[in-house]
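model this:
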Amino acid sequence: MSEVTKMTRSTQEQAVASWVNYLNQVRIDRLLSSLQQQDENLLTALGSVHEAIRKINLEVVTANRGGQHGMHGFIAELAEVGIGNARKHILGQDPVYQWVNDNGPVDLLRDGVEIQQKFVAAGGRFSLGAITEHLQKYPDYVNNGGKYQIPADHFEMVQRLRAMPQEEAGKLLSRSSGGPSFTDWRRIDAFFQQGSIGIDSLEPSTLEYRDVQRGAYASTMAAEEHSLRSTDQSLRNTAYQESLPTLQEGASATLAAGAIEGGTAFVLAIIAKTRGGKRLREFDQQDWADIAADTGLGFGKGGIRGSSIYALTNFTATSAAVASSMVTAAFGIAEQANRLRRGEIDELEFIEDSERLSLEAAVSALSSFVGQALIPVPVLGAVIGNTIGAIMYSTVASSLSNREAELIERYVDEQRVLDEQLSAEYQELIQRLHESMSDYLGLLERAFSPDLQVALLGSAELAQRCGVPTGEILDSEEKIRSYFLD
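Numbering: from 1, shown residues only. Okay, here's the model as predicted:
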């Protein structure tokens with residue numbers, strides 16, 4: 001394989017790796033951007049709730065606005081604005097509610113739609129009685145596009161009773177059950193029979209009637225804050241899941257890598273044929289079969305490379321450049337292993353070729369990594385770095401003279417002889433150590449023998465072997481008696 005061909009393939013391989021790395025980086029950047037934006041969304045949403053609480057405390061509760069029986073209406077208005085806008089903010093959307101606060105026919109504006117809130121439990125009409133009074137004062141309110149907003153629990157009951165036939169209502173509704181009565185049904189039926197407004201002019205509030213009472217709004221807003229945090233965490237989890245590698249993206253990387261490497265193999269195969277002296281129009285069936293085989297092999301290797309790089313970069317702590325080099329080295333070593341099995345090379349050549357392939361792959365990875373760092377342009381930096389690194393490595397590798405190569409070979413032979421010599425000396429030392437240990441264990445066995453006479457002689461021999469002076473060894477009855485009694 002010529003140096004140009006090797007460089008072309010190496011550059012193409014690192015280009016594929018850099019492209020896969022770019023796909024991964026895009027997903028990571030998108031995740032980081034989403035999380036950063038979500039930080040701002042959460043802060044703004046909580047700020048909307050806190051601002052509503054502040055206004056309720058200062059402008060309604062402290063000022064006793066609306067008195068004992070009407071205060072909850074103003075609390076409902078501010079709570080609706082704060083919570084409604086917060087739920088938009090947490091999704092990264094613009095606020096929709098505006099508090100009018102002029103004691104006029106409109107309490108709130110939502111994207112330009114006028115809203116009149118009615119939170120009234122008196123009279124058992126589920127806030128419909130208050131709507132009737134408002135319509136009498138402002139008869140054109142609905143015709144002008146206005147909406148009436150009532151507590152969520154009131155709206156649910158109104159819908160339920162309005163859809164219930166009279167016969168069924170008379171049978172099922174009773175005060176004894178703790179639910180609505182037949183009288184409640186007749187009031188709601190009469191309201192809609194008047195024909196002033198339809199159910200489409202009503203809408204439920206975010207809150208229920210009990211949520212906006214003076215003693216309950218604090219816990220209501222606290223629960224909403226907790227809900228916002230839960231929504232925020234869910235959005236973050238969704239963003240994280242969307243940033244994970246997918247089978248579809250992996251398949252795309254596999255096909256693209258296969259197409260790139262197959263295309264490169266196709267071009268190189270044609271160039272190799274033309275260098276042999278043939279023109280393109282002179283290619284016969286066998287030539288095109290050879291080109292097709294090289295192209296198919298390139299496509300297969302490219303697919304393996306793409307899927308392997310995608311898996312290694314996403315599921316292990318491996319950079320794209322290193323992953324590509326690992327795949328390249330694996331292909332090269334597998335090819336050398338086949339040559340070894342066929343007897344084309346011996347074991348030493350196999351090892352040397354494998355080392356060379358690994359070194360070239362490492363140089364390619366390092367060059368691409370440095371190039372991408374110095375030229376932070378996707379793919380381009382890795383390609384330039386790999387090209388420069390390959391040229392430098394080729395220049396250095398080919399600069400060794402025959403004399404230097406012979407010196408290296410002689411050094412390897414000397415190291416092999418030295419290794420054999422050291423191995424023989426090591427075996428001799430092991431044998432001597434084994435013999436010494438056998439003698440020592442024999443002495444210990446005699447020194448601690450149950451037979452006193454054998455133990456006495458064995459202990460004396462052991463002491464002598466350990467370097468104790470002969471005069472100090474208790475090896476007779478006289479010495480023992482003299483040592484203990486004199």
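
With Ser181 as the reference, measure out to Leu172.
Using CB to CB, to the nearest Å, one gets 10 Å for the distance from Leu172 to Ser181. (Glycine included, C-beta is placed from N, CA and C.)

Those two: which is more packed in?
Using other CB atoms under 10 Å, the more surrounded residue of Leu172 and Ser181 is Ser181, with 16 against 13.

what's the spacing between the more buried one and Asn101?
Between Ser181 and Asn101 the distance is 37 Å, computed by CB to CB.

Can you list the buried residues in stretch 39-48?
Taking 16 or more other CB atoms under 10 Å as the basis for neighbour counts, the residues of stretch 39-48 that come out buried are 41-42, 44-46, 48.

Export those as TSV, with columns for pLDDT.
Conversion of the buried residues of stretch 39-48 to TSV gives the following (pLDDT from 0 to 100):
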residue	pLDDT
Asn41	94
Leu42	94
Thr44	95
Ala45	95
Leu46	95
Ser48	95
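
want to try JSON lines for those, with secondary structure and distance to Gln93 as columns?
Formatted as JSON lines, these follow (DSSP: H, G, I helix; E, B strand; the rest coil; distance: CB to CB, whole Å):
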{"residue": "Asn41", "secondary structure": "helix", "distance to Gln93": "9"}
{"residue": "Leu42", "secondary structure": "helix", "distance to Gln93": "13"}
{"residue": "Thr44", "secondary structure": "helix", "distance to Gln93": "10"}
{"residue": "Ala45", "secondary structure": "helix", "distance to Gln93": "10"}
{"residue": "Leu46", "secondary structure": "helix", "distance to Gln93": "16"}
{"residue": "Ser48", "secondary structure": "helix", "distance to Gln93": "12"}
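
Output the residues you listed in TSV, with distance to Ile28 appended to each entry.
As requested, the buried residues of stretch 39-48 are arranged in TSV below (distance: CB to CB, whole Å):
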residue	distance to Ile28
Asn41	20
Leu42	21
Thr44	25
Ala45	26
Leu46	27
Ser48	31
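
What strand or helix carries the nearest residue to Ser243 once chain neighbours are set aside?
Sequence neighbours aside, Leu31 is the residue nearest to Ser243 in space, at 3.7 Å (criterion: CB to CB, 6 or more residues apart in numbering). Following DSSP states H and E, one finds Leu31 within helix 3-55.

which residue sits closest to Val113 in space, ignoring its chain neighbours?
Lys147 (6.0 Å).

Mind listing the residues bridging to the one you found?
According to DSSP bridges, Ile115 are recorded as the beta-bridge partners of Lys147.

Now do the same contact list for it.
113-116, 201-203 (CB atoms under 8 Å, 6 or more residues apart in numbering).

what separates it from Lys88, distance-wise?
Distance of Lys147 to Lys88, computed by CB to CB: 18 Å.

any idea how this protein splits into domains?
Per the record's domain assignment (automatic domain parsing), the chain is made up of the domains 3-27+245-404, 29-240, 416-485.

Now the weakest link among those, please, by mean pLDDT.
In terms of mean pLDDT, the lowest-scoring of the domains of the chain is domain 3-27+245-404 (a mean of 59).

thinking again about what came up before, doesn't Ala239 make contact with the residue nearest to Ser243?
Yes. Look at Leu31 against Ala239 with CB atoms under 8 Å: they come within range, at 5.8 Å.

any idea how far Arg162 is from Leu228?
33 Å.

Who has more neighbours out of those two?
Each of Arg162 and Leu228 had its neighbours counted (other CB under 10 Å), and the higher figure belongs to Leu228 (21 against 14).

my read: Tyr240 touches Leu32, true?
No. Taking contacts as CB under 8 Å, Tyr240 lies outside contact range of Leu32: 10.8 Å.

Just give me the neighbour total for Gln241.
A count of neighbours around Gln241, defined by other CB under 10 Å, yields 10.

Just list what the one helix or strand it maps to packs against, helices and strands only.
Using DSSP H and E, Gln241 sits in helix 217-243. Packing partners of helix 217-243 (3 or more CB pairs under 8 Å, 6 or more residues apart in numbering; DSSP states H and E): helix 3-55, helix 67-89.

how about the last one: buried residues?
Think helix 67-89. By neighbour count on 16+ other CB under 10 Å, the buried set for helix 67-89 is 71-89.

for stretch 53-63, same thing?
Of all the residues in stretch 53-63, those buried under the rule 16+ other CB under 10 Å are 53, 55-56, 60-61.

ok, of those residues, which one's closest to Ser438?
Distance ranking of the buried residues of stretch 53-63 against Ser438, using CB to CB, places Ile53 first at 89.4 Å.

The closest one - nearest residue in space that isn't next to it in sequence?
Residue nearest to Ile53 in three dimensions, not counting chain neighbours: Met221, with 5.3 Å by CB to CB, 6+ apart.
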